[in-house]
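Q: Okay, predicted coordinates and the sequence, questions at the end:
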Amino acid sequence: MTKFLQTSIDGLAVGSLYALIALGYTMVYGTLKFINFSHASVFMLGAWFSLGVARLLGWGQAGAEVPIYAALVVLLATMTICGALGFAIERLAYKPLRSAPRLNVLITAIGIAMLIDNTAALEKKAEIAGYTIPIGFGTRPQRMPSLFQDKAVAEIAGVNIQFVDIVVVISAVVLMAGLQLLVFGTKLGAAMRAVSEDTRAAALMGIPVDRVISITFVVGTMLAAAAGFLFAAKYPGLNQPAAANWALLGLKAFVAAVVGGIGNIRGAVVGGILIGMIELFGAAYLFTQLRDVYVFVILIAVLLVRPTGLFPSGAVNKV
Amino acid sequence: MSEQPRDAWTSTPVIWLRSILPWLVGGVLAFALYRYGMWSESNQGSRLAMPIFHFKILSLIGINAIMAVSLNVVNGYTGQFSLGHVGFMAIGGYVSGAMTYYGSMILWQSTAIHGELFGGGDFLFLGALLCGGLVAALAGYVVGLPSLRLRGDYLAIVTLGFGEIVRLILTLTRPIKKTAEEVSQAGLLSITHNANGSWALDGWMISVGGALGFDGIPKYTNLFWIYLLCFATIIFCYRLKQSVLGKAFVSIREDEVAAEAMGVPTTRYKVLAFVIAAFFGGVGGGLFAHEVGILISPPEMNFLKSVDYVIMVVLGGMGSISGAVLAAIALTILPELLRDLSWIPFLPKALHDVSDYRLIIYALILICVMIMRPQGLMGIKEIWEVRPALWLRAKLARKEKSP
Amino acid sequence: MSEVALQARGVSISFGGLKAVSGFDLTLEKGSLQGLIGPNGAGKTTLFNLVTGVYTPSEGTIHLGSQRIDGMRPHQITRRGLARTFQNIRLFPDLRVIDNVMVAAQTHMKHGLVPTILRTGGYRREQLAIERRARELLSIFNLQGLAGEQAKNLPYGHQRRLEMARALATDPKVLLLDEPAAGMNPQEKLGLASLIAKLRKEFDLTILLIEHDMGLVMDICEQITVLDYGVVIASGPPKKIQNDPRVIEAYLGTPMTNEE
């Protein structure tokens, strides 16, 4: 029973992270109609920028005084930085390719991912005006400083529920609720939905398509950054920026988006939780080493049986 | 360029000659390479002795060319986006490696190179390569058949997932059996049920080293085999492209709906292209595994390597064989080049070794090419087709002007 | 009773909640030339897509000769003798003009991958025959001089002709033409009318035509079916259609009688 509960909690936490990242994938696919391969890199940056910001603000040393609001500050800072980066990516790289064949955009996305990953992994430092500014985060794994209290909040059936887990799930829920409000409750959200259904018609209706697309992209990026921060909070040992595990995590989140129905926000959330649960339960109760394989098996199964996912967006291809 | 049908060319002896001629020429060239000692870096008394470093580059160029040209059949001809080519390379490499390694153990009780060129050892090697290619082709069929019904983006993810699954499964394989006794004891494949309830898999079929890599494969690859097979791959893909079947492949890329309306069985041809690419990818992987100084291991057979080959196909021009080959040459040499740029005049010392920035430079090149020249270097044309197109356009312009 | 080349019975399809085509009936007799007209969005191209297998009807059946074809994949239907052109030209832009036609001709090719790679005698002979046939088709449409050009470089009118030549290369018994006169001037339309008549005779075709140009349709079609909002509102010879009040109403504002 303990194992079941522990696995459920972990699955829920991990699933929430996948859901946040999947939301970004699904939103970009909905509006720009392509798989944003660079999304996982933004997630990675979210984790590493959190580390950087925390260190910068002096909360990195062991035993240092960490104020209550520290986590929130770091989260917002990271989201802002990554949001700005997302805006730059969309404007500089994706906008010129709006009318290009999809393959080209996909490859550009891979290029951007490579660019981000490897620039972030640089060991180099620049000497400017007497200050040594590190350009990259280096190639060694580092540990994210703990911004939360390390104690267990509650104990149910012999399982310690960590404060971190609660923060992760609640933050994810808050962000998803915020997104839901944005997309279904505001005029901007209606504009986003319009653009994702029919870009040309939306433009004809007077919607500033370029701006809406940029905003969609930035929102998705900020969610990924938040996921990165939460990930760093739960698993503080961060692998180096160019390591393979970031892309793998991003990939699993993409699978979640597909399973839920690509282009569908509700689907991304459900898909994320589902994939998180399947991965953790598979690892706990079946073969642990095949942990990463389960997700891909699910992907192939879904694509064979029901490619449109759990919540298909219902779009029809007219010939 | 219009081809005038010439009936003399359809007479039987001429047909046979034209079919076999390229093979003869290639065979003669390859044999010349061998004869003048360029077939192996261990051949000390060769007339054209080269530093070992150059051997390695030449070998790698040949292998990468095979991988790029084969991937071109899927990504270039039929326009499908496969991101898992490394999966076929891994399958081909491991299957052929296992066959050579354990085959040598069973036949000759040792894994040393057996015999000279065209000797018994080479025979085993070629057979192993063929098997590696066939198993990879089978995998291509199994993966391709369900996936190629899906939209382009989805195929990218599935093939990526395929590459990762292959890599992950290879990490779980058992350590290599080092002595002949172990090999005969273990047998091909056995499943035993342990006392504590768990299952144990053993057998030389799955003892390929796990995460540490497949160490000890007899290194039969040499420039002769690499370039012979590279030549064969190029001829195969060229003949395919020239044929009506190849044109049908390209029609799928141009407009799948129209192709289907014109009677092209799109799914069947997409799968066929996928299987062909998988086969040659497997052969390339086999050559890779048997190369001196290479240790084939799961961490190396990763997504980034798939991306490497995709970059080669894209930069060379999707659908162009010569483009893929040129890109393979350029991108194999590039890392070495970036290590030592001192030959560029006026270059500041700090930029002499930019190897750390290699991947960043790749990425920038890729992004710039995609934005500025999306068709890559050659587009769909071959290098010998470029000039005639310009000439034909001028001819048409003159024709339109005159009444 | 002449042979029926194509027959649709009760064909319907819905997209989401919208019923695009409902209860469609059509009988194409062998050798006939029929027209399919209707206002924009009436479902004409959707019908072509249904007949050629791009969509599967939710109700009804479609027969090509005696063979039931609804539910089949497009290439299977094409192999059985049904070809079409597209409203917005869908050529293979990077392929040469002659390649466009040859790809369509490979529909009936007997040699597969291995003979292709080995370039056996049988393969070579078949490839030459296909090429020869492609050139013949091109010369019918006066495109033989441009055989080596890339299709994307052709002017619009040439592209339209190439589209037709390509469809004919599949050796069809039934030909579906989707707005073949679009973008043509009156002189070109006259040429088209005689071309269609010539093709019908020379290739023993049954032709179904979607067109907006009433003059052309009334001139050459023996039978016309009128579609509005996915439903057949009239069917019969041109004279009858011209005077049908429902048809005139559907085409509000468009004169149905030939003046001058």
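A: Nice, thanks for sending it over. All values reported here derive from a predicted model rather than from experimental measurement.
Q: In the chain, mark out all the strands, start to finish.
A: You didn't pick a chain, so chain A it is. In order along the chain, chain A carries the following strands (DSSP state E): A:125-128, A:131-134, A:142-143, A:152-156, A:159-162, A:237-238.
Q: let's do chain B instead
A: B:190-193, B:199-202.
Q: Quick one: low-confidence residue ranges for the chain.
A: As the question left the chain open, I've gone with chain A. Counting by pLDDT under 70, chain A shows low-confidence ranges at A:60-68, A:125-135, A:147-159, A:313-319.
Q: Hmm, no, I was thinking of chain C.
A: Counting by pLDDT under 70, the low-confidence segments of chain C come to C:1-2, C:252-260.
Q: Around chain A, pick out the residues from it.
A: Within chain C, the positions adjacent to chain A are C:15-16, C:45, C:49, C:54-55 by CB under 8 Å from any CB of the partner chain. Bear in mind the C-beta positions are built from the backbone N, C-alpha and C, glycine included.
Q: and with 7 Å instead?
A: C:15-16, C:49, C:54 (CB under 7 Å from any CB of the partner chain).
Q: Which single one of those is nearest to chain B?
A: C:Val54 (6.8 Å; CB to the nearest CB).
Q: For chain B, give me its nearest residue in chain C.
A: Proximity of chain C to chain B (CB to the nearest CB) peaks at C:Thr107, 3.2 Å away.
Q: Kindly apply the preceding question to the stretch 201-319 of chain A instead.
A: Counting by CB to the nearest CB, the stretch 201-319 of chain A gets nearest chain B through A:Phe296, at 4.1 Å.
Q: can you pull the pLDDT of the closest residue to that residue other than its chain neighbours?
A: Nearest residue to A:Phe296, sequence neighbours excluded (CB to CB, 6 or more residues apart in numbering or on different chains): B:Gly161, at 4.1 Å. Listed pLDDT for B:Gly161 reads 85.
Q: distance of B:Gly161 from A:Gly250?
A: In this view, B:Gly161 and A:Gly250 are 13 Å apart by CB to CB, to the nearest Å.
Q: Ok, C:Leu128 next?
A: For C:Leu128, the distance to A:Gly250 equals 52 Å [CB to CB].
Q: Which one of the two is surrounded by more residues?
A: More neighbours surround A:Gly250 than the other of C:Leu128 and A:Gly250, with 27 against 16 (other CB atoms under 10 Å in any protein chain shown).
Q: Wait, a helix at C:Met72?
A: No - with DSSP: H, G, I helix; E, B strand; the rest coil as the criterion, C:Met72 is assigned coil and is not in a helix.
Q: Excluding sequence neighbours, find me the nearest residue to it.
A: Closest residue to C:Met72 apart from its sequence neighbours, by CB to CB, 6+ apart: C:Gly53 at 5.2 Å.
Q: I'd guessed the one you found sits against C:Ile77; true?
A: Yes - C:Gly53 is within contact range of C:Ile77, at 4.5 Å (criterion: CB atoms under 7 Å).
Q: So these two - more neighbours on which side?
A: Taking other CB under 10 Å, C:Gly53 and C:Ile77 do not tie; C:Ile77 has more neighbours (26 against 21).
Q: Which of the helices or strands spans the more buried one?
A: Under the criterion DSSP states H and E, the helix or strand holding C:Ile77 is helix C:74-79.
Q: Does that helix reach chain B?
A: Yes - part of helix C:74-79 sits close enough to chain B to count as contact by CB under 7 Å from any CB, namely C:74-75, C:78-79.
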